[in-house]
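Q: Sequence unavailable; structure follows:
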């Protein structure tokens, strides 16, 4: 077992007071990803190297000659954050073995958006997991290619309007459902997979702090609402994120050595309409489309309840 005994995910979290992702970046008002990255850095603390795929965070955080990063940070191409992270992790092993650096563990973290992770970057990510690098990969999922103009990705929800899935007489937004990314990750038999949301910071920070104690490949999938791409008031980022969780559209769980556990269970699922009606990308939905999305959310939640507390047949 690579896991750590007696880690209480539900205990209040203590985080580093240092701001490793500093104020002054150029992210949009209400950016869920910027908030998630700030929390991620505080949870991981010093002795962390960040490998950042091209995307919003690279653009807004390192406008020459300034940087918002107070940790070692590497910008890489869109598809290869996992590859470069693997190389950094392997290089640190060699440097420690040769006595070139102190013999202490340095956390290597690769980050990317949904497109850079599960469309363009999936090959590199899958390979890194199969090789078993001691690496944490964090996907900040805002459900489209926001940095390049709000184009659809494989993780864009069905019926969402984007610039490449417009709403018109022959189109009702994206035609297909989003990929079930965490379960695809779990199928690689890596030690730890989890979902998280900026609306539940204690859960997010706890999962990051737990992941950094585990040797081997870890994957965290973080909901990162985008006011610009989703079309909502930037003041409502946390409200939108919370409603997505409470409606069952973004369940919070972890898969620890194949063991599935829901880490937050709403007493009763809220209607998906409460979350989606706040988002401009869904303003065109009719009753039948709401009904379809509602049915999928309820069925998926039922399936997760059925496997809660059980080992998945991966």
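A: Yes, it's here. Nothing here was measured: the structure is a model prediction, and the numbers come from that model. Numbers count the residues shown, from 1 in each chain.
Q: Which residues outside the longest helix seen in the chain are in contact with it?
A: As assigned by DSSP state H, the longest helix anywhere in the chain is helix 287-307. For helix 287-307, the external contacting residues (CB atoms under 8 Å, 6 or more residues apart in numbering) are 157-159, 172, 177, 247-249, 251, 253, 260, 262, 269, 271-273, 276, 285. Every C-beta, even on glycine, is put in place using the N, C-alpha and C of the backbone.
Q: Counting neighbours, which of the residues you listed end up buried?
A: Buried by 16 or more other CB atoms under 10 Å: 157-159, 172, 247-249, 251, 253, 260, 262, 269, 272-273, 276, 285, out of the contacts of helix 287-307.
Q: chain center to stretch 68-75, what's the gap?
A: Counting by CA atoms, centre = their mean, to the nearest Å, stretch 68-75 is centred 19 Å from the centre of its parent chain.
Q: Over to it now: how far is its first residue from its last?
A: Its first and final residues considered, stretch 68-75 spans 13 Å by CA to CA, to the nearest Å.
Q: List the buried residues for it?
A: By 16+ other CB under 10 Å, the buried positions in stretch 68-75 come out as 68, 69, 71, 73, 74, 75.
Q: Can you say which two of those residues are spatially most distant?
A: Spatially, the most separated pair among the buried residues of stretch 68-75 is 68 and 74, at 14.5 Å (CB to CB).
Q: What segments of the stretch 151-300 of the chain are helices?
A: Using DSSP state H, counting those that start in this stretch, the helices of the stretch 151-300 of the chain run over 181-186, 201-211, 227-230, 237-246, 272-276, 287-307.
Q: So what touches the shortest one?
A: Counting contacts by CB under 8 Å, 6+ apart, the residues outside helix 227-230 that touch it are 28-31, 142-144, 146, 150, 162, 233-234, 236-237, 240, 279-281.
Q: and with 10 Å instead?
A: The contact list for helix 227-230 (CB atoms under 10 Å, 6 or more residues apart in numbering) reads 28-32, 56, 142-147, 149-151, 156, 160-163, 233-237, 240, 244, 276, 278-282.
Q: What of the fifth one?
A: For helix 272-276, the external contacting residues (CB under 10 Å, 6+ apart) are 157, 159-160, 230, 232, 239-250, 282-283, 285, 287, 289-298.
Q: from those, which would you call buried?
A: The buried subset of the contacts of helix 272-276 - by 16+ other CB under 10 Å - is 157, 159-160, 230, 232, 239-250, 282, 285, 289-290, 293-294, 296-297.
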